[in-house]
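Engineer: Have a look at this prediction, sequence included:
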Amino acid sequence: MATKSPKDKIFTKGSGEVATTKQFLIKSIIAASQNAGFHMEKINFTVEPASNIQYGDYASNIAMVLAAIGKKSPHAVAENIITGLETNKRFNAVVKSVKVAGPGFINFSLSPEYLAKQIKNILSAKNNYGRIDIGHKQNVQVEFISANPTGPPTLGNGRGGFLGDALSNVLDFAGYKITREYYVNDAGEQIKKLGWSVIAAGKVSGGDYKIPYPPEELYPGGYVQELAYKLQISKFKPEELNPEAISRTASKMILEDIKRITKKLKIRFDVWFSEKSLHRQGLIKEAYEALQKKHLIEKKEGAQWLRLKENDNINERVLIKSNGEPTYLLPDIAYHWDKFKRRRFDKVIDIVGADHHAHMFTLNRVFASLGLVSSSRKFDFILVQLVRLMENGQEVRMSKRTGTFITLEELVDTVGLDAARFFFLMREPNSHMDFDMTLAREQSDKNPVYYVQYAHARCASILAKASSAGSGQAKQEGIVEGSARNNLLLKLAHPSETQLIKKLIILPELVEDIASKYEVSRLPVYATDVATVFSAFYRDCQVIGEDKDLTLARLALVRATKIVLANTMRLMGIHAPERM
RNA sequence: GCCCCUAUAGCUCAACGGAUAGAGCAGCGCUCUUCUAAGGCGUUGAUCCGGGUUCGAUUCCUGGUAGGGGCGCCA
């Protein structure tokens, strides 16, 4: 059995997972700082890719942090740490030079050998490059969209949907075990209302029947008409109407349509959880009793109220209406009771519209009060701000109730799925979005997604040309493996080449960041960065040229770039084309 | 009245508390005998207003201003 050289351990962890450059530097810094006599237990410092190449490749603020505590000059502290680092053999294999600069940053420049080794890592990891294991297979549930089956998915649902899908991809890549879930509100008031809306739209012939809602509360969208037509409502007589059955069927049909659309938009779900099933399984009762046991229920004015502890600054909310039916709150508590108590997820992430924020805070408090949420069992939620629809600079009120809205499917049909996904993912959930369909149509051709896809297609085209153009080596794989041997990769010394390598190797770090902070919008930013740096390389360095060795090395770099771009796009759910 | 979110270039958005605030689009000027010009190069242009914390603030705290969302029997 071949023994690994000590040097190899620098680059890989015991499990075979690739350690990130950042993790390695952090460890080295901690060790050196401890040797210099600092207590590192509660020290928060950063190691980040340098903001400007003139500073090197990575920068740390450690000296400034320690200087503030020890009341020494940052430069003195930095020199101290650097001395320690430079006696570390492994460190010296990774880092070519380390310097203190500016207000006290420690700047690191990576060694050519290390960069060459990283390209090999990318080439051998392929589709799995960027995969890390910070999740340790913990069970994480991501719930998203969860729109009522009373109408087609809206633009707002698209924001949450694409975000949830991409976040799930990233968390999966980070080593968590993910359950993607859609909570279907197929019980309750809004379903009844849907049924009556369909009946109203179908104009039942003759006789008297009373619709128990004022007209302005009914769903007026065109899809309601369509349902009425499909269900042949007009052929019913008033006495034959079965509002409950109609409600049930209508919502089922809408749900089927939602499933069709999410599939079409490549938004994946593992579980479609029905609200009705909560009743069937007795979960409502179970949750209710748990609340009761903790004395969180109060009877007042004929209804039953959720009453959290004082000082909680939360308004009381109705759990069970005076007519004996639960509001949406109780089933939602029961649903989360199921998540935490029965299915025992280690972490639950709910992605909801900003209009639900008060509700989410309430839920959070409830589960804290029930003792089901703690530091080891987390309940996170991401609020996605609403999308406003604009037309000619004027806001168009979007709502299923008023019937004026652009559906998610219409948008995607108009601008294309990749452009739509990129467009939505670029924006942070907290940002407020004004959406102009006319503008979207005009600008879809200029969407940065094509820039990224173009870079990927260029990589593919270069590799295709290399494999077809003589030299006897038919397979790209062979070319690449050849280049990875014999230190050919050390020939990649042009600034545009090294910059590209350095950009490629931060993918695992990015995955780690996104998985812990849910900042999915960094994916499109990163993809654009890689494409930009690749373009500079493409401009400055002819890949296929006279120098056979250099050609091989550059082909390896192109292939590595293609892998990183493809992986990043796959995390976003965006197609990586071989040609455009 | 209370709660959540937002304010950065003409427009759409970036920037883990860090060094000279970055992209794309729009504008202007260049650039295809060379692996895809859906590209590249150059250029104009910005942190809402006031305090505070910090070695350092677009970022954190606080007070304003403006906008979006929400606040006991819809979900």
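Structural biologist: Good, I have the coordinates.
Engineer: so where's chain A shaky on pLDDT?
Structural biologist: Residues of chain A meeting the criterion pLDDT under 70: A:1-18, A:207, A:310-315, A:391-405, A:469-486.
Engineer: So for it, the centremost residue is which one?
Structural biologist: The residue lying closest to the centre of chain A (CA atoms, centre = their mean) is A:Leu167, at 2.0 Å.
Engineer: ok, the helix or strand where that one lies near RNA strand B or not?
Structural biologist: Per DSSP states H and E: A:Leu167 is located in helix A:155-173. No. With CB under 7 Å from any atom of the strand as the criterion, RNA strand B is not reached by helix A:155-173; the gap is at least 10.2 Å. Any C-beta I mention is one placed from the backbone N, CA and C, and that applies to glycine too.
Engineer: Tell me which residues touch the residue nearest to the centre of chain A, please.
Structural biologist: Contacts for A:Leu167 were tallied using CB atoms under 8 Å, 6 or more residues apart in numbering; they are A:Val142, A:Ile349, A:Ile351, A:Ile382, A:Ile514, A:Tyr518, A:Val520.
Engineer: secondary structure element for the residue of the stretch 401-550 of chain A found nearest RNA strand B?
Structural biologist: Residue of the stretch 401-550 of chain A nearest RNA strand B, by CB to the nearest atom of the strand: A:Ala457 (3.0 Å). In this assignment (DSSP H and E), A:Ala457 forms part of helix A:448-468.
Engineer: what does the stretch 151-300 of chain A have sitting close to RNA strand B?
Structural biologist: With CB under 7 Å from any atom of the strand as the criterion, the stretch 151-300 of chain A meets RNA strand B at residues A:Asn185, A:Gly188, A:Glu189, A:Gln190, A:Lys193.
Engineer: Can you select the buried ones among those for me in ChimeraX?
Structural biologist: The buried residues among those can be selected in ChimeraX (16 or more other CB atoms under 10 Å) with this line:
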select /A:185,188,190,193
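Engineer: any chance of the residues of the stretch 151-300 of chain A next to RNA strand B in a markdown table, with secondary structure and distance to A:Leu291 too?
Structural biologist: Putting these into a markdown table (DSSP: H, G, I helix; E, B strand; the rest coil; distance: CB to CB, whole Å) gives the following:
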| residue | secondary structure | distance to A:Leu291 |
| --- | --- | --- |
| A:Asn185 | coil | 20 |
| A:Gly188 | coil | 19 |
| A:Glu189 | helix | 21 |
| A:Gln190 | helix | 23 |
| A:Lys193 | helix | 27 |
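Engineer: Show me what the strand or helix carrying A:Tyr182 packs onto, helices and strands only.
Structural biologist: For A:Tyr182, the element it lies in under DSSP H and E is strand A:177-184. For strand A:177-184, the elements it packs on are strand A:139-143, helix A:155-173, helix A:243-264, strand A:271-274, judged by 3 or more CB pairs under 8 Å, 6 or more residues apart in numbering; DSSP states H and E.
Engineer: hmm, back to that, against A:Ala464, how distant is the residue of the stretch 401-550 of chain A closest to RNA strand B?
Structural biologist: 10 Å (CB to CB, to the nearest Å).
Engineer: any shared contact partners between those two?
Structural biologist: Going by CB under 8 Å, 6+ apart, residues that sit against A:Ala457 and also against A:Ala464 are A:Glu578.
Engineer: is it true that A:Leu329 touches A:Ile320?
Structural biologist: No. Using CB atoms under 8 Å, A:Leu329 is not in contact with A:Ile320; the gap is 9.3 Å.
Engineer: Now for the residue of the stretch 201-350 of chain A found nearest RNA strand B: which residues touch it?
Structural biologist: With CB to the nearest atom of the strand, the shortest gap between the stretch 201-350 of chain A and RNA strand B falls at A:Lys321, namely 2.9 Å. The contact partners of A:Lys321, taken as CB under 8 Å, 6+ apart, are A:Ala303, A:Thr327.
Engineer: What backbone torsions are found at it?
Structural biologist: Backbone geometry at A:Lys321, expressed as degrees, to the nearest 10, gives phi -70, psi 160.
Engineer: So what touches stretch A:51-62?
Structural biologist: With contact meaning CB under 8 Å, 6+ apart, stretch A:51-62 is reached by A:21-22, A:25, A:29, A:33, A:43, A:45-50, A:77-78, A:81, A:97, A:99, A:101-102, A:104-110, A:495, A:499, A:502.
Engineer: what ranges do the helices span in the stretch 1-150 of chain A?
Structural biologist: Here the stretch 1-150 of chain A has its helices, by DSSP state H, counting those that start in this stretch, at A:8-11, A:21-35, A:62-70, A:74-86, A:89-94, A:112-125.
Engineer: list the helices and strands the second one packs on?
Structural biologist: Taking 3+ CB pairs under 8 Å, 6+ apart as the contact definition, the neighbouring helices and strands of helix A:21-35 are strand A:47-49, strand A:58-60, helix A:62-70, helix A:74-86, helix A:89-94, strand A:105-110, helix A:507-517.
Engineer: buried sites along the third one?
Structural biologist: By neighbour count, and taking 16+ other CB under 10 Å as the criterion, the buried residues in helix A:62-70 are A:Ile62, A:Ala63, A:Met64, A:Val65, A:Leu66, A:Ala67.
Engineer: ok, so of the residues you listed, who is nearest RNA strand B?
Structural biologist: A:Met64 (3.7 Å).
Engineer: Show residues contacting the helix or strand hosting A:Lys299.
Structural biologist: Assigned by DSSP H and E, A:Lys299 belongs to strand A:297-300. The contact list for strand A:297-300 (CB under 8 Å, 6+ apart) reads A:Tyr288, A:Leu291, A:Gln304, A:Trp305, A:Leu306, A:Arg307, A:Glu316, A:Leu319.
Engineer: Check which residues of that strand are buried.
Structural biologist: Quick answer for strand A:297-300 (16+ other CB under 10 Å): A:Ile297.
Engineer: strands paired with the next helix-or-strand element following it, and their directions?
Structural biologist: The helix or strand immediately downstream of strand A:297-300 is strand A:303-306, counting by DSSP H and E. Paired strands of strand A:303-306, with direction, are strand A:297-300 (antiparallel), strand A:317-320 (antiparallel) (DSSP bridges).
Engineer: Looking at these, which is nearest to A:Ser124?
Structural biologist: Comparing the strands paired with strand A:303-306 by their distance to A:Ser124 (CB to CB), the top pick is strand A:317-320, with 54.9 Å.
Engineer: what angle do the helix or strand following the closest one and strand A:177-184 make?
Structural biologist: Remark: after strand A:317-320, the chain's next helix or strand is helix A:329-337, criterion DSSP H and E. Here helix A:329-337 runs at an angle of 160 degrees relative to strand A:177-184 (axes from the mean of the first three to the mean of the last three CA atoms, to 10 degrees).
Engineer: which parts of the stretch 1-150 of chain A sit against RNA strand B?
Structural biologist: Contacts of the stretch 1-150 of chain A with RNA strand B, taken as CB under 7 Å from any atom of the strand, map to A:46, A:48, A:50-52, A:54-55, A:59, A:61, A:64-65, A:68, A:101-105, A:107, A:148.
Engineer: ok so, going back, between A:Ala457 and A:Ala464, which is the more surrounded one?
Structural biologist: Taking other CB atoms under 10 Å, A:Ala457 and A:Ala464 do not tie; A:Ala457 has more neighbours (18 against 13).
Engineer: How about the more buried one, nearest residue that isn't a chain neighbour?
Structural biologist: Nearest residue to A:Ala457 in three dimensions, chain neighbours excluded: A:Met580, at 4.5 Å (CB to CB, 6 or more residues apart in numbering).
Engineer: circling back: buried residues, the helix holding A:Leu167. List them.
Structural biologist: Quick answer for helix A:155-173 (16+ other CB under 10 Å): A:155-173.
Engineer: now what about stretch A:351-364, what contacts it?
Structural biologist: A:142-146, A:156, A:160, A:163-164, A:167, A:306, A:308, A:314-315, A:317, A:329, A:332-333, A:336, A:350, A:373, A:379, A:381-386, A:429.
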